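Trainee: fold the following for me, if possible:
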Amino acid sequence: MAGAAVLGRLTWQLCEVAELVEETPQVKTLVLDAPDWPGHLAGQHVDIRLTAEDGYQAQRSYSIASAPEEDRLALTVERLDDGEVSPYLTDVLVVGDKLELRGPIGGYFVWDAGEDVPVLLVGGGSGVVPLMAMIRHRAAVGSSSPMRLLYSAKRLDDVIYRKEIEELAARGDGFEAFFTLTRERPEGWQGFGRRVDGELLAEVGWPVADDPHTFVCGPTGFVEAVASALVESGVAPARVKTERFGPTGG
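Mentor: Reported below is the predicted structural model:
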């Protein structure tokens, strides 16, 4: 893996779509066969490049959702209605199609299950994708590191990987999951119903004295607010790793 995150050393490769999984009405997971894949760390991402018949190219970055231990590469894509790439990936792509991909990219926003310290994952919307790679990595290696996920979504139907997350949390092996719905909540909802703020982080997160390792991913405003609240609560800035996304054309 040494040097794998250095963009200049990466080359494009062709991958084949092995499976398409509908996660929510707006989100699909692309499961890819990547024969030349060098391996990745939980939290890294890839570039996808589409080329039209006239030679026009469009390129976007997508987080890796699969654990490093899995045989196939999984990318979870949210469809943006005015997007240039995501509508093709979610609505047009079929099993057997080929995609140009390069990666893995990124060496900062990564987690290794060998780190035996409490972990807090905070995700907003599709920002849960790289966090899911970390959750799956933990499960795959049987890590005993205490891990908590705080996942913010607009409504229950928008929660990506909901069933899998709940099943992993039900194991009782040190992974816990908390959901907060900011717009609509079903009758009898037992989770949280407000935006992530300092009070919610204090209720769900680890004590500052535990020196938790924290990963925050989501829209730019969400990430900035959460990171600021964590630092204000006393969490060391160096322990708060962030990854954000904004309007990029999709």
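Trainee: over to the spatially most central residue of the chain. Which of the three states is it?
Mentor: Among the residues of the chain, the one closest to the centroid is V129, at 1.8 Å (CA atoms, centre = their mean). Taken by DSSP: H, G, I helix; E, B strand; the rest coil, the conformation at V129 corresponds to helix.
Trainee: for the chain, what spans make up the strands?
Mentor: Under the criterion DSSP state E, the chain contains strands at 13-24, 27-33, 45-51, 57-63, 73-78, 98-105, 119-124, 147-153, 175-181, 213-219, 240-245.
Trainee: got the buried residues for the fifth one?
Mentor: The neighbour-count criterion (16 or more other CB atoms under 10 Å) identifies 73-78 as the buried residues of strand 73-78. To be clear about C-beta, it is placed using only N, CA and C from the backbone, and glycine gets the same treatment.
Trainee: check the longest one too.
Mentor: For strand 13-24, a neighbour-count test (16+ other CB under 10 Å) marks 13, 15, 17-18, 23-24 as buried.
Trainee: hmm, which two among those residues are most spread apart?
Mentor: The largest separation in those, counting by CB to CB, is between Q13 and T24 at 28.7 Å.
Trainee: just to revisit the earlier point, I'd like to know which of the buried residues of strand 73-78 is nearest to E84.
Mentor: Closest to E84, out of all of these and judged by CB to CB, is V77, at 12.6 Å.
Trainee: that closest one contacts T90, doesn't it?
Mentor: Yes - between V77 and T90 there is a contact at 5.6 Å, judged by CB atoms under 8 Å.
Trainee: so what's in contact with those two at the same time?
Mentor: 27-28 (CB atoms under 8 Å, 6 or more residues apart in numbering).
Trainee: looking at the protein, which residue lies furthest from center?
Mentor: Distance from the C-alpha centroid of the chain, by CA atoms, centre = their mean, peaks at D54 (33.2 Å).
Trainee: quick one: contacts for the closest residue to the residue nearest to the centre of the chain other than its chain neighbours?
Mentor: Nearest residue to V129, sequence neighbours excluded (CB to CB, 6 or more residues apart in numbering): S63, at 4.2 Å. By CB under 8 Å, 6+ apart, the contact list for S63 reads 43-45, 75-76, 129-130, 133, 217, 243.
Trainee: again with L32
Mentor: 15-18, 72-75, 99, 101.
Trainee: just the buried ones from the contacts of S63?
Mentor: With burial judged by 16+ other CB under 10 Å, the buried subset of the contacts of S63 is 43-45, 75-76, 129-130, 133, 217, 243.
Trainee: check contacts around D211.
Mentor: Contacts of D211 (CB under 8 Å, 6+ apart): 117-118, 236, 239.
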